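1. One predicted model, sequence on top.
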Amino acid sequence: MRLSFLLLPALWLLATAPAEAAPPRGATSCTGCHPRTATKGPVPTLTGRPADDIITQMNAFKTGERQSTVMVRIAKGFSDEEIHALADWFANGGTNASPAQPAAPAAQRQPAQP
């Protein structure tokens, strides 16, 4: 009986905690190659990168303007709406929350690498 009094508040907190929305379609596939945190490897992280940079690069891969062994094929599988959803999700740190900081000025941005 005493155990149930201890568990009830914990269960109530779990039930009332905001559930984090699921990532958009394809986001978990992206993190298979793009690390969640910055590394010195050849594939850059997308987390925290400005959304407009991600959209620009994905569209360049999609149209063939930018070449890559894998990304050209991957980008063609996404609609414009899906690309925007992915870009917003990664720009917001891999969550559906609002970005904590404004995007860096264009002169400070670095293009994504394949």
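-> Looks like it arrived, so ask away.
2. Now do residue 9, the pLDDT please.
-> pLDDT for residue 9: 55.
3. Likewise for residue 69?
-> Taking residue 69 on its own, its pLDDT is 89.
4. helix/strand/coil for it?
-> coil (DSSP: H, G, I helix; E, B strand; the rest coil).
5. Now for residue 30: which residues touch it?
-> Under the criterion of Cβ atoms under 8 Å, 6 or more residues apart in numbering, the neighbours of residue 30 are 46, 86, 90. All C-beta atoms are positioned from the backbone trio N, CA, C, and that covers glycine.
6. do residue 84 as well
-> Contacts for residue 84 (Cβ under 8 Å, 6+ apart) come out as 51, 55.
7. Which secondary structure element is home to it?
-> helix 80-91 (DSSP states H and E).
8. what comes up buried for that helix?
-> Using 16 or more other Cβ atoms under 10 Å as the test for burial, helix 80-91 gives 83-91.
9. Report pLDDT for the residue nearest to residue 83 when sequence neighbours are not counted.
-> Nearest residue to residue 83, sequence neighbours excluded (Cβ to Cβ, 6 or more residues apart in numbering): residue 58, at 4.7 Å. pLDDT for residue 58: 97.
10. I'd guessed residue 58 sits against residue 85; true?
-> No: the pair residue 58 / residue 85 is not scored as a contact, 11.2 Å apart, by Cβ atoms under 8 Å.
11. which one of the buried residues of helix 80-91 is nearest residue 26?
-> Nearest to residue 26 out of the buried residues of helix 80-91 is residue 86 (Cβ to Cβ; 5.9 Å).
12. what's the nearest residue to the closest one if we skip its chain neighbours?
-> residue 24 (5.4 Å).
13. pretty sure that neighbour is in contact with residue 85, am I right?
-> Yes: counting by Cβ under 8 Å, residue 24 touches residue 85, with 3.9 Å between them.
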